[in-house]
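# what follows is a predicted structure for the sequence shown.
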Amino acid sequence: MADNSIPSFQAADLVIQLLSSSTRETKADVSTFGSSFTDHMLTIEWSATEGWQAPLIKPFENLSLHPACSSLHYGIQLFEGLKAYRGDDNRLRIFRPMLNMQRMANSAKRACLPAFDQSELLECIRRLVEIEQDWVPHSNLASLYIRPTLISTEPSLGVKKPTRALLYVILSIAHPYFSTEGKVISLWADPKYIRAWIGGTGDCKKMGCLNYGCSLLAQYEAVDHGCEQVLWLYGEDHKITEAGTMNIFLHWINEDGEEELSTPPLDGLILPGITRQSILDKTRKWDEFKVTERYLTMAQFCSALKQQRVKELFGSGTACMVCRVGHILYQGENLHIPNQDKSSLLTSRLTKELEDIQYGRTASDWTLLV
């Protein structure tokens, strides 16, 4: 249902221009995440004087931007990430897309980019995926990654609220994100780099130097130390915040002897991940152990590890879904996290239950049928 209080484009006005023939058969099956794209894209232009233009699905092509475009100079831009899955019944499902639309709207407000009707954008995306449905892999190990993006196209070097913007959506074949898919990853924890801070934009999916671009140097330093990702710490007490681009969870026996699943709270520092929320919703519904949103420090973690109270540490995100952590390099010490039998791991259970929803084996209102 459209929200008529928001001046927005309408899916009913969607214009569709299709290629005469698909390039799908001629493109190589590229296994690198986000490097193989489908035939078409969705674009919607906006200006302060004319508002939103009619949405357009057209052949995939490069963008043409003014050299002074403020998204290039000042990072006035944002993106989202969600996936479509081909189920065992051959039907396509998008996983919890309205949560992505809500998060995108929040990021747009923070970036001074134009508001839009979330339901109308979702319907446009659904139509794009429907058109490109043959690209969705027939595989439980792959999916179609959906990347909505909103950028300022203001052709000015002045630092100001944009008067022009472009919303576009591209689709990419998504293979496993990590080369160690199904195994465990290693994290490098060093407080000298900070991903986000209170009052900043850690809770927004923003590009430029914010949240993602600023993490690259630390990421490559982690690799130099023999690790795959960064464990982001915050504050003098080294609070555990996120792992790479993932939310982080600790399954442990807490200081009071209770079994607990804990993840940092959404206080503006942490990205409100869709998989994160799904894990919290699932485990709270199980009601089998304590589930909390609170900060834990490296001192607490190291103490629990020494006392053998750590069951599992794992990251979560749209690209990787659930990813176990095998060891952490912290202050020159390798902290090895115990590996339980796979059948008893919380991550194995969560992965199965989430995949069963995504691939249609379990009926759920968390998916949108295409």
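Cool, the structure landed.

# for the stretch 51-200 of the chain, give me the ranges with low pLDDT.
176-182, 197, 199-200 (pLDDT under 70).

# what about the helices in it?
Under the criterion DSSP state H, counting those that start in this stretch, helices of the stretch 51-200 of the chain are mapped to 70-74, 97-110, 118-131.

# swap in the stretch 251-370 of the chain?
Using DSSP H, counting those that start in this stretch, the helices assigned to the stretch 251-370 of the chain run over residues 274-286, 298-306, 346-358.

# quick one: contacts for the closest residue to residue 249 other than its chain neighbours?
Counting by CB to CB, 6 or more residues apart in numbering, residue 249 lies nearest to residue 263, which is 4.8 Å off, once chain neighbours are set aside. Every C-beta, even on glycine, is put in place using the N, C-alpha and C of the backbone. By CB atoms under 8 Å, 6 or more residues apart in numbering, the contact set of residue 263 is 247, 248, 249, 250, 276, 279, 280, 292, 293.

# separation between residue 263 and residue 334?
Distance, residue 263 to residue 334, using CB to CB, to the nearest Å: 24 Å.

# ok, residue 167 next?
As judged by CB to CB, residue 167 and residue 334 stand 45 Å apart.

# pretty sure residue 105 sits against residue 120.
No - using CB atoms under 8 Å, residue 105 is not in contact with residue 120, being 11.6 Å away.

# which one of these two is surrounded by more residues?
A count of neighbours by other CB atoms under 10 Å puts residue 120 above the other of residue 105 and residue 120, at 24 against 19.

# how about the contacts made by the closest residue in space to the more buried one that isn't next to it in sequence?
In space, residue 120 comes closest to residue 11 once its chain neighbours are excluded; the distance is 5.0 Å by CB to CB, 6+ apart. Residue 11 sits next to 55, 120, 123, 124, 127 when contact means CB under 8 Å, 6+ apart.

# give me that answer again for 6 Å
Taking CB atoms under 6 Å, 6 or more residues apart in numbering, we find residue 11 in contact with 120, 123, 124.

# okay, these in CSV with distance to residue 81 next?
Shown next, in CSV, are the contacts of residue 11 (distance: CB to CB, whole Å):
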residue, distance to residue 81
120, 20
123, 19
124, 17
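
# nearest to residue 161 among these?
residue 120 (22.8 Å; CB to CB).

# if I look at residue 158, how far off is residue 74?
Per CB to CB, residue 158 is found 10 Å from residue 74.

# neighbour count winner among those two?
Ranked by neighbour count (other CB under 10 Å), residue 158 and residue 74 place residue 74 first, with 18 against 9.

# which non-adjacent residue is nearest that one?
In space, and not counting its chain neighbours, residue 74 is closest to residue 159: 6.1 Å by CB to CB, 6+ apart.

# how much space separates the one you found from residue 111?
According to CB to CB, residue 159 and residue 111 sit 13 Å apart.

# the two - which one has more neighbours?
Legend: neighbour count by other CB under 10 Å for residue 159 and residue 111, higher for residue 111 (26 against 9).

# isn't that one right up against residue 78?
Yes - applying CB atoms under 6 Å, one finds residue 111 in contact with residue 78, separated by 5.5 Å.

# identify the bridge partners of residue 253.
Beta bridges link residue 253 to residue 259, judged by DSSP bridges.

# one more: residue 234?
Beta bridges link residue 234 to residue 239, judged by DSSP bridges.

# with residue 78 as the reference, measure out to it.
22 Å.

# more neighbours, the two?
For residue 234 versus residue 78, the count of surrounding residues by other CB under 10 Å is larger for residue 78: 28 against 22.

# so how far is residue 332 from the more buried one?
Distance from residue 78 to residue 332, by CB to CB: 38 Å.

# pull up the distance across stretch 35-55, start to finish.
With CA to CA, to the nearest Å as the measure, stretch 35-55 spans 25 Å from end to end.

# show me which residues of that stretch are buried.
Neighbour counts over stretch 35-55 (16 or more other CB atoms under 10 Å) mark 36-46, 52, 55 as buried.
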